[in-house]
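1. What follows is a predicted protein model with its sequence.
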Amino acid sequence: MTTGYPALGELLGPYRVGRRLGGGGMGVVFAATDAILRRPVALKVISPHLADDPGFRARFTREAQAQASLDSEHVVRVFAHGESGGRLWIATQLVPDGDLGHLLHAHGAPPVRTALDLIAQVASGLADAHAAGLVHRDIKPANVLLRRREGHVDAYLADFGIARLVGDGSSATVHTVGTPAWMAPELHTGGTAGVASDVYSLGCLLWATLTARAPYSGTSDFQVVTAHREQPVPQLPGTGPLVEAVNAVLRSAMAKRPDDRFPSATAMRDALRAAVALPDAAPAPSRRTTIVAAAAVALLLVGGGGVAWAASRGDGPTRPPPTGPSASVSPAADRTAEQRATAGLAQALAARGDVTPAQARCVARDVLRRVGLGEMAADGLFDARMNYLDRDLAPFPAVAAAVVRATVACR
């Protein structure tokens, strides 16, 4: 039988208990010091009624071991876990500057790009956890810890899955996994927690970080659950590449059907990073840009094979441009070049693993339609034969925004 929580100064394993940091249904968290290494830690002591449950104890041990083996710069590190005097405990990295929930309550929502950066960090940690076989099941602002240093805020995902209550064998379910305000719709109807439900909760977390409020509200859990299942995905007001990209991320992350969401936390992280690089407003096209784009098409597309006459690129004497009918760009050449460009872009997108080959072809066609082959060629994203060069899209915000929007539209 567990004897309750430790007193100030008491030793639990090698850890000397300090002040209480917080607590909840699962247990109480104390600041503590490793008496051997002199290292500060956060020491979570599990609630006695859970520690006395054999099923919970077994799962707690399995998941603490799994999280301890996880190496991620955006997941709170587990140093040790154990049992002392009937008390279950877990010692983790002490992250000093509170949690995201307290920050939002005290200071409101941060600037949009700061919010996107924070959630991209959380998504990175979640992707590492999924790769290790861990499902979080309770992503919410209180489970994101923060550290401020050198003008930047680092985010860490905490409390993986060990908060689920386990039945005593007399009933099928004792407690619904997660917190209703942040849970995926399918979990409210008996669905299984997994990557897709974690991605949905991450979308809810994104909305909360952007607005300092949960995505849906109500006077009861029933109203909140109903809103998650039936109300449209919330969207930021306004227009422009940044807002449109953020809204596209929200629509994909919080889609009602699991199959319509980002396929992974990695895909959502990449979409967030792409959005950060976008301008608030679309730049007005300049006369020079229009001329360069038109010239790129004229120079790059010559003859039925779509080969640029200038493709010698210094390998020999420059030939004069052809004259006569063949000097103009034929419809067949235009189609051939566009097909090659679409195939190359689709291949690069599919290789990243975030979309299927069919979705990648859809995305590629949509991006080329939105941005224009001539514009992308002028930016150096295709070579003279219209082969895609697979460059970093951060310096090309219009293209990055088109990729985000098309990825969501083609799912």
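-> Cool, got the structure.

2. give me the element residue 62 is part of.
-> helix 54-68 (DSSP states H and E).

3. now swap in residue 145 and tell me
-> Using DSSP H and E, residue 145 falls in strand 144-149.

4. And that strand, what's buried?
-> By 16 or more other C-beta atoms under 10 Å, the buried positions in strand 144-149 come out as 144, 145, 146. Heads up, the C-betas are built off the backbone N, CA and C, glycines and all.

5. Kindly indicate which of the residues you listed lies nearest residue 97.
-> residue 146 (4.7 Å; C-beta to C-beta).

6. quick one, helices of the stretch 51-200 of the chain?
-> 54-68, 100-107, 112-131, 195-211 (DSSP state H, counting those that start in this stretch).

7. Sorry, wrong one. I was asking about the stretch 251-400 of the chain.
-> Under DSSP H, counting those that start in this stretch, the stretch 251-400 of the chain gives helices at 265-276, 287-300, 331-351, 357-371, 373-378, 397-409.

8. Nearest to residue 108 among those helices would be which one?
-> helix 265-276 (19.9 Å).

9. what number of residues lie near the closest residue to residue 23 other than its chain neighbours?
-> Excluding its sequence neighbours, the residue lying closest to residue 23 (C-beta to C-beta, 6 or more residues apart in numbering) is residue 29, at 6.4 Å. Residue 29 has 20 neighbouring residues, counting by other C-beta atoms under 10 Å.

10. show me the residues around residue 29 that make contact.
-> 20, 21, 22, 23, 42, 43, 44, 45 (C-beta atoms under 8 Å, 6 or more residues apart in numbering).

11. Quick one: neighbours of residue 184, just the number.
-> With other C-beta under 10 Å as criterion, residue 184 counts 25.

12. My error: substitute residue 19 in the last question.
-> Counted with other C-beta under 10 Å, residue 19 comes out at 8.

13. And residue 353, by the same measure?
-> Residue 353: 11 neighbours (other C-beta under 10 Å).

14. distance of it from residue 270?
-> Distance of residue 353 to residue 270, computed by C-beta to C-beta, to the nearest Å: 10 Å.

15. Residue 56 too?
-> Taking C-beta to C-beta, one finds residue 56 at 36 Å from residue 270.

16. just residue 372 next, same as before
-> Residue 372 is 23 Å from residue 270, by C-beta to C-beta.

17. between these two, which one's more packed in?
-> Per other C-beta under 10 Å, whichever of residue 372 and residue 270 has more neighbours is residue 270, with 21 against 16.

18. who's in contact with residue 145?
-> Residue 145 makes contact with 76, 95, 97, 98, 99, 100, 155, 156, 158 under the criterion C-beta under 8 Å, 6+ apart.

19. Could you rerun that using 10 Å?
-> By C-beta atoms under 10 Å, 6 or more residues apart in numbering, residue 145 lies in contact with 42, 76, 92-100, 154-159.

20. Count the neighbours of the residue nearest to it when sequence neighbours are not counted for me.
-> Spatial nearest neighbour of residue 145, excluding adjacent residues (C-beta to C-beta, 6+ apart): residue 95 at 3.8 Å. If you count neighbours by other C-beta under 10 Å, residue 95 ends up with 18.

21. show me what contacts residue 95?
-> 42, 76, 77, 144, 145, 146, 147, 154, 155, 156, 158.

22. That one and residue 210: what is the separation?
-> 22 Å.

23. Check residue 80 too.
-> Distance from residue 80 to residue 210, by C-beta to C-beta: 37 Å.

24. Looking at the two, which is more packed in?
-> Neighbours per residue (other C-beta under 10 Å) separate residue 80 from residue 210, with residue 210 holding more: 21 against 16.

25. Spit out the contact partners of the more buried one.
-> 104, 109-112, 114-116, 119, 234, 236, 246, 250.

26. mind listing what residue 260 touches?
-> 196, 251, 252, 253, 254, 408, 411.

27. Can you check the pLDDT for the fourth one?
-> Right, the one you point to is residue 253. Note for residue 253: predicted pLDDT of 98.
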